[in-house]
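**Q** Okay, sequence plus prediction incoming.
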Amino acid sequence: MDQDPYSNEKVLLWLNQAQEIFTSTQDYPAEQIAAFLVEFCKIFKAMAKLLEFAFSDVIEKAQVIRDRYNEYKEHAKGIFAVIQIEIKQGIIELNGENNKKIMGNKSYANYQSMGRTILRIMRFLNYLKIMFSEIDLNRTAKISDCCSKAYMEALYPYHTFMVQTAAKAAMMACPNRVRVLEIFVGPNKTDDFAYQQIKAFIAVLEPVRLNLWDYYGRHKLSNLP
């Protein structure tokens with residue numbers, strides 16, 4: 001048995017907390033968003049090694065979110081506030097590889113921007129929305145088909161050919177539906193309970209996902225490199 005299983009209870013808690021903070025501040029807290037991402041990746045680790053590898057960058061991006069917030073927390077109380085600072089400083093497009101080209105020197109040599117990182121996470125949230133909606137609505141479909149559909153719609157257009165090829169293979173490594181539901185809610189639970197939990201997850205994910213895309217649309221940030 002997995003010694004560190006996925007907890008949907010924790011994910012619902014962190015997403016609800018994030019949305020409550022957004023409701024009062026119009027900004028999302030870095031820690032709750034990062035904690036949710038790290039916890040959710042436990043699902044892919046339990047599903048298959050290929051899937052764990054395919055989504056390992058999500059955990060790396062969660063750390064970037066924490067790092068950027070910690071750098072600016074004296075002046076920024078949330079993710080959007082950090083992004084506004086990056087816009088003003090002209091570093092919103094930095095990804096760790098293009099830094100010298102954009103800055104013209106070695107300043108911010110390894111900096112990965114909050115703005116660019118959150119955009120990648122938003123695409124991942126699109127993937128999760130499609131994947132789990134498919135699992136819930138098409139209950140006779142193979143999980144691999146649900147994952148593949150979500151990948152093609154949400155992530156495929158943004159990947160290189162090599163990543164696309166590896167990712168499509170990873171999606172096909174999904175275990176069967178019984179195993180995935182067990183990973184999601186734990187052993188000895190009914191299917192009805194599992195689908196209720198999936199619906200609950202989608203319900204708390206959706207306002208966060210939509211508000212992030214709304215912010216990026218209003219500030220014309222949806223095409224960051």
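**A** Noted; the coordinates are in hand.
**Q** for the chain, where's the lowest mean pLDDT among helices and strands?
**A** helix 99-103 (a mean of 72; mean pLDDT, DSSP states H and E).
**Q** quick one: the helices in the chain?
**A** For the chain, the helices defined by DSSP state H occupy 8-25, 30-47, 49-54, 56-72, 79-89, 99-103, 114-137, 143-154, 161-171, 177-185, 191-218.
**Q** what's the least confident stretch among those helices?
**A** Lowest mean pLDDT of those: helix 99-103, a mean of 72.
**Q** what does that helix rub up against?
**A** 90-91, 93-94, 106-111 (Cβ atoms under 8 Å, 6 or more residues apart in numbering). Where C-beta positions appear, they are placed from N, C-alpha and C, glycine not excepted.
**Q** most neighbours, which of the residues you listed?
**A** Among the contacts of helix 99-103, the one with the most neighbours (other Cβ atoms under 10 Å) is residue 94, at 26 neighbours.
**Q** so what's it up against?
**A** Residue 94 neighbours (Cβ under 8 Å, 6+ apart): 102-103, 108, 111-113, 116.
**Q** Please determine how far it is located from residue 115.
**A** The gap separating residue 94 from residue 115 is 9 Å, by Cβ to Cβ, to the nearest Å.
**Q** Just give the closest residue to residue 111, not the sequence neighbours.
**A** residue 94 (4.8 Å; Cβ to Cβ, 6 or more residues apart in numbering).
**Q** nearest spatial neighbour of residue 56, skipping sequence neighbours?
**A** Leaving out its chain neighbours, the residue that sits closest to residue 56 by Cβ to Cβ, 6+ apart is residue 41, at 7.6 Å.
**Q** And for the one you found, the neighbour number?
**A** 20.
**Q** just checking, it touches residue 57?
**A** No. Between residue 41 and residue 57 no contact is recorded; they are 9.7 Å apart, counting by Cβ atoms under 8 Å.
**Q** Buried residues, stretch 161-179. List them.
**A** Applying a neighbour-count criterion of 16 or more other Cβ atoms under 10 Å, one finds 164, 167-168, 170-171, 173-174, 177 buried in stretch 161-179.
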